[in-house]
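[1] Structure of the sequence below:
(one chain, ligands or ions: 1)
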Amino acid sequence: MTPPAQPVLTVLRERIDRDRDRFSTGVFRRLFAQTPLLRELFPADMAGMRDTFMRVVDHVLDAIVAEDDHAELIEFLAQLGRDHRKYGVIGDHYWLMYDALMAEIEAIMVGMWDDDARDAASHAMMLMTGVMRGAADSAEGPAVWHARVVQKFQINRERAVVRLVPTGPPLRYRPGQYTEVQIPQHPHLWRDLSPATPPNDRGELEFHVHAIPNGEFSGSIVRQTQPGDVWKFGSQHGTMRVTGDRPVLMVGGGSGLSPLRAILLDMARRVDSPPTHVFYGTRHPGELYELGVLAQLASTNPWLRVTAVAETPDDPWWLGDSADPRQWGFELRFGRVGDVVAGYADWTQHQVLLSGPAPMVFHTQLKLRASGVAPDRILHDPLN
Ligand SMILES: NC(=O)C1=CN([C@@H]2O[C@H](COP(=O)(O)OP(=O)(O)OC[C@H]3O[C@@H](n4cnc5c(N)ncnc54)[C@H](O)[C@@H]3O)[C@@H](O)[C@H]2O)C=CC1
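    Next up, the predicted model:
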């Protein structure tokens, strides 16, 4: 970064922060005015998209002034470019975005728009749009995959299992990863879901979904998805995996068990799986429906141990006559899963995988770190 660039970018950041909505609205207004067809690629409600866009701009402006080789920034932007292919964004669109960004920056930098300011802004915006364009152009494989729902069944009022088969090439992912998903009930809306099974030769997929309060996407899956629906899949992400060089602690909360289940099913196909203790936590005992599958796995895989945890001892009326989880032979403890795990044993020599609602992952991580588990031994997906 040349010396005058840093102060200019600091001023630019201050001016963007004065009215962030105005900046993001201005950029997209210019983009759509220049090429109205682009509007079709974005959701009707742009609030979420503008929010994400501003987080990217923030990250670029923060990272670009750092005195390093920008390797992290470049990988971040490259992944973003690959991820944007699913919207139908192609290489040329990034030039249009660059023009819209520069025009809006010129407008908010009034009184300071000289050659230095133009060069610094151009450098930052060219890096942002150029890396995304390059990564999108050179990405391998299709931008989106498709699979058809062949089975859906309701576990209870709020939880459902959905099974799909591919209509073209099978989705490529590693056990424990999550994938971007779009469903026909919400065209233009993409959400992350973790397959609950490892990849197989036939490309079959299985998802376990909890209709979380106010979650229109998860609610639609649980209440409206039906066989015949075609789902779209974008990029795959996530670094959760078992290294195999130490015993493993897995903590899965509710439908957050899915990626751990995929990893466990994959481990069951191997001969060298390390000792693994799974804590499976839900709010109520009657929601521990996955204990049946875990019991089947544990019966043929002596490296696997399971502890069930329910926050409360009683089931609400809407769970009906749920089966008693003790029938599977696992011990059942009560409390928040993070409290139970941290008080259960010494986990300092274990590799730890956490998955579930963000507050649960956060809480469990805090408890384990307080009990001496090194932060770099704990893996989980991003909490957002
Ligand atoms: N890859 C991942 O990390 C995945 C995450 N999920 C997330 O999991 C969530 C769904 O889980 P549900 O089935 O609704 O879980 P849930 O509400 O049944 O709770 C599961 C566990 O989390 C604990 N918990 C909940 N809130 C807590 C808090 N504030 N502090 C401490 N512990 C807390 C509960 O005690 C219980 O043990 C969704 O938010 C979904 O996005 C789902 C699939 C994969």
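
[2] Give me every residue in the stretch 51-200 of the chain that's in contact range of the ligand.
    178, 194 (Cβ under 6 Å from any ligand atom). For the C-beta atoms, the positions are set from N, CA and C on the backbone; glycine is no exception.

[3] show me where the stretch 51-200 of the chain has strands.
    Taking DSSP state E, counting those that start in this stretch as the criterion, the stretch 51-200 of the chain contains strands spanning 145-156, 159-166, 178-182, 191-193.

[4] Turn these into CSV, including mean neighbour count, distance to residue 374 and mean pLDDT.
    Shown next, in CSV, are these (neighbours: other Cβ atoms under 10 Å; distance: least, Cβ to Cβ, whole Å; pLDDT from 0 to 100):
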stretch, mean neighbour count, distance to residue 374, mean pLDDT
strand 145-156, 16, 36, 96
strand 159-166, 20, 34, 97
strand 178-182, 21, 25, 97
strand 191-193, 19, 27, 95
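
[5] Redo those strands as JSON lines? Include distance to residue 256.
    Below are the strands of the stretch 51-200 of the chain laid out as JSON lines (distance: least, Cβ to Cβ, whole Å):
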{"stretch": "strand 145-156", "distance to residue 256": "15"}
{"stretch": "strand 159-166", "distance to residue 256": "12"}
{"stretch": "strand 178-182", "distance to residue 256": "11"}
{"stretch": "strand 191-193", "distance to residue 256": "11"}
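
[6] Residue 295: which of those strands is closest?
    Across these, residue 295 has its closest neighbour in strand 145-156 (16.3 Å, Cβ to Cβ).

[7] Relative to the closest one, what are the paired strands and their orientations?
    strand 159-166 (antiparallel), strand 230-237 (antiparallel) (DSSP bridges).

[8] Contacts for it, please.
    Residues from elsewhere that reach strand 145-156, judged by Cβ atoms under 8 Å, 6 or more residues apart in numbering: 160-171, 203, 205, 208, 222, 225-233, 286-287, 289, 318-320, 322.

[9] Tell me which of the strands of the stretch 51-200 of the chain sits nearest to residue 241.
    Between the strands of the stretch 51-200 of the chain, strand 178-182 lies closest to residue 241; by Cβ to Cβ that is 12.8 Å.

[10] Tabulate the CA atom coordinates of that closest one in CSV.
    C-alpha atoms of strand 178-182 as CSV (Å, rounded to 0.1, in the frame of the first residue of the first chain):
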residue,chain,number,x,y,z
TYR,A,178,-22.4,-27.4,5.2
THR,A,179,-23.8,-26.3,1.9
GLU,A,180,-25.7,-23.3,0.5
VAL,A,181,-29.3,-24.3,-0.2
GLN,A,182,-32.2,-22.7,-2.0
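
[11] From the contact counts, what lies against that strand?
    strand 191-193, strand 230-237 (3 or more Cβ pairs under 8 Å, 6 or more residues apart in numbering; DSSP states H and E).

[12] what does the average pLDDT come to for whichever helix or strand comes after the first one?
    In this case it means strand 191-193. Using DSSP states H and E, the helix or strand that follows strand 191-193 in sequence is strand 205-210. Confidence for strand 205-210, expressed as mean pLDDT, is 97.

[13] Ok, stretch 271-281 next?
    96.

[14] Please save the CA atoms from it in CSV.
    Output of stretch 271-281 as CSV, limited to C-alpha atoms (Å, rounded to 0.1, in the frame of the first residue of the first chain):
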residue,chain,number,x,y,z
VAL,A,271,-10.9,-49.1,10.6
ASP,A,272,-8.8,-46.5,12.5
SER,A,273,-11.4,-44.3,14.2
PRO,A,274,-10.3,-42.8,17.5
PRO,A,275,-12.3,-43.1,20.7
THR,A,276,-15.2,-40.7,20.4
HIS,A,277,-17.6,-39.5,23.0
VAL,A,278,-20.8,-37.8,21.7
PHE,A,279,-23.0,-35.6,23.8
TYR,A,280,-26.3,-35.1,22.2
GLY,A,281,-28.4,-32.3,23.7
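
[15] ok, and what's touching that stretch?
    Taking Cβ under 8 Å, 6+ apart as the rule, stretch 271-281 contacts 242, 244-254, 257, 260, 264, 267, 288, 290-291, 294, 301, 303-311, 336-337, 340-341, 344-345, 350, 356, 360.

[16] Strands - which of those land there?
    Counting by DSSP state E, those place 248-253, 304-310 in strands.

[17] Could you chop the protein up by domain?
    Domain segmentation of the chain under automatic domain parsing yields 5-138, 145-237, 248-380.

[18] Select from those domains the stretch with the lowest mean pLDDT.
    When these are compared by mean pLDDT, domain 5-138 comes last with a mean of 91.

[19] how far is that one from where the chain is centred?
    22 Å (Cα atoms, centre = their mean, to the nearest Å).

[20] can you give me the helices in the protein?
    Per DSSP state H, the chain carries helices over the ranges 5-18, 20-34, 47-64, 71-83, 91-108, 115-138, 216-224, 257-267, 291-300, 337-344, 358-370.

[21] among those, which is the most enclosed?
    helix 257-267 (a mean of 24; mean count of other Cβ atoms under 10 Å).

[22] returning to that earlier point: in CSV, list the strands paired with strand 145-156 along with distance to residue 121.
    Conversion of the strands paired with strand 145-156 to CSV gives the following (distance: least, Cβ to Cβ, whole Å):
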stretch, distance to residue 121
strand 159-166, 44
strand 230-237, 29
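
[23] Just the CA atoms of stretch 358-373, as PDB, please.
    C-alpha atoms of stretch 358-373 as PDB (Å, rounded to 0.1, in the frame of the first residue of the first chain):
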ATOM      1  CA  ALA A 358     -24.900 -20.400  18.100                       C
ATOM      2  CA  PRO A 359     -25.600 -19.600  21.800                       C
ATOM      3  CA  MET A 360     -25.000 -23.300  22.700                       C
ATOM      4  CA  VAL A 361     -21.700 -23.500  20.700                       C
ATOM      5  CA  PHE A 362     -20.600 -20.200  22.300                       C
ATOM      6  CA  HIS A 363     -21.500 -21.400  25.800                       C
ATOM      7  CA  THR A 364     -20.000 -24.800  25.400                       C
ATOM      8  CA  GLN A 365     -16.800 -23.400  24.000                       C
ATOM      9  CA  LEU A 366     -16.500 -20.900  26.900                       C
ATOM     10  CA  LYS A 367     -17.000 -23.700  29.500                       C
ATOM     11  CA  LEU A 368     -14.500 -26.000  27.800                       C
ATOM     12  CA  ARG A 369     -11.900 -23.200  27.500                       C
ATOM     13  CA  ALA A 370     -12.400 -22.300  31.200                       C
ATOM     14  CA  SER A 371     -11.700 -26.000  32.100                       C
ATOM     15  CA  GLY A 372      -8.400 -25.900  30.200                       C
ATOM     16  CA  VAL A 373      -9.100 -27.100  26.700                       C
END
